[in-house]
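Q: Sharing a model that was predicted from the sequence below.
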Amino acid sequence: MRNIAVPFLISVILVLASFNTIGVKNVRVKKVVIDAGHGGRDPGTHGAISKEKDIALKITKELGRIIKENLPEVDVVYTRKDDSFPTLESRPELANKVGADLFISIHANWISNPKIHGSETYVMGVQNSSRNFEVAKRENSVILLEENYQTRYDGFDPTKPESYILFNLTQSAYQERSLRLASLIEDQFQNRVGRNSRGVKQSSLWVLWNSAMPSVLVEVGYLSNPKEEKELNDELNQVYIASGIYRAFRDYKQEIESMN
C-alpha cells in the first residue's frame with residue numbers, strides 16, 4: 001500500500017466526523033440514496049437466465065417507487081436509473097454530496113454451490129470470514145473495469161488480501177445504525193416476505209466504507225440457485241422484496257426520529 005493512502009484516510013475520517021449525528025437532536029431521515037449495483041459494461045454476477053445488474057435495477061426502482069408513494073416527504077436519489085456504469089467511487093460520493101441520511105445498495109449473489117439460497121445484508125466491517133471475503137472481492141472487483149483505477153483507488157487491489165489493511169485503519173461512525181437497519185431488513189425478509197434469511201454480515205465493501213452515513217448492501221438472493229433465480233426474475237416477487245426493504249426503512253426512520 002502506498003503512503004498516498006494516509007491523507008486519503010484522514011480525509012475520510014474528517015468527512016465521517018462532519019456527518020456524525022450521534023447525540024444531535026431533531027434528527028430526521030429525509031433523504032435516501034438507493035444504489036443499483038453494477039450496470040453498463042459491468043453485469044455483476046449472473047445465473048442461467050439473468051444478470052445481477054438487471055435484477056438490482058428493477059428492485060431498486062420498485063423500492064424507490066414504494067418509498068415515494070408511502071413517504072412523500074422523503075427525497076429518493078438513485079445512483080443509476082438505467083443501464084449506465086457509475087464508478088464504485090462515485091456511488092458513495094453522490095450520497096455524501098447530496099447529504100443523504102441513508103445509503104442502500106442492492107445486489108444479487110452467486111456461489112459455486114447451487115443449493116445455497118437466501119438473502120444477506122452486509123454492513124461495513126473488517127471481520128472477513130473466508131466466505132465474506134469472497135463477497136467483498138467480487139463486489140469490489142468492479143474497480144478493475146474503471147480507467148486509471150490504480151491511481152483513483154490509491155493502489156487498492158480488490159483481489160489481494162493485503163489491500164484490505166486499508167479498511168482496518170478507520171471505523172465507521174454509523175456502525176450501530178447500519179446494523180439496526182440491516183437487522184430490520186433481514187427480519188422483514190424472513191418473517192414477512194417469506195424468504196430464507198442468511199442473516200446480517202460484515203465485510204470490507206468499498207461502497208459502504210466510503211459513505212458518510214448509515215449504509216447497507218443487500219444481497220437479495222442467489223442467481224446460482226435455479227429456483228431462487230426464477231423468483232428474483234418474477235415481477236411480483238420483486239415487489240415483495242422491495243416492500244420488505246421499504247418496511248424496514250420505514251421502521252428504521254420511525255425509530256431514529258422517535259429518539260428526538
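A: Everything's here; your move.
Q: Quick check: phi and psi at Tyr78.
A: The phi/psi pair for Tyr78 (degrees, to the nearest 10) reads phi -110, psi 140.
Q: Return the residues in contact with the closest residue to it other than its chain neighbours.
A: Setting aside the residues directly before and after it, Tyr78 is nearest to Ile34 in space (C-beta to C-beta, 6 or more residues apart in numbering), at 5.7 Å. Where you see a C-beta, it was placed from the backbone N, CA and C, and this is true even at glycine. Contact partners of Ile34, counting by C-beta atoms under 8 Å, 6 or more residues apart in numbering, are 60, 63-64, 76-79, 104-106.
Q: between those residues, which is nearest Asn191?
A: Comparing the contacts of Ile34 against Asn191 with C-beta to C-beta places Leu63 closest, at 18.6 Å.
Q: so the closest one, which of the three states?
A: With DSSP: H, G, I helix; E, B strand; the rest coil as the basis, Leu63 sits in helix.
Q: For it, grab the count of nearby residues.
A: By other C-beta atoms under 10 Å, the residues close to Leu63 number 27.
Q: And Arg247, by the same measure?
A: 18.
Q: now the helix or strand hosting it, how far from the chain's geometric center?
A: For Arg247, the element it lies in under DSSP states H and E is helix 235-258. Offset of helix 235-258 from its chain centre (C-alpha atoms, centre = their mean, to the nearest Å): 15 Å.
Q: Next, the buried residues of it.
A: 237-253, 256 (16 or more other C-beta atoms under 10 Å).
Q: Equivalent analysis for stretch 111-130, please.
A: For stretch 111-130, by 16+ other C-beta under 10 Å, it's 111, 116-126, 128.
Q: between the residues you listed, which is closest to Lys97?
A: Met124 (19.1 Å).
Q: Cool, thanks, talk later.
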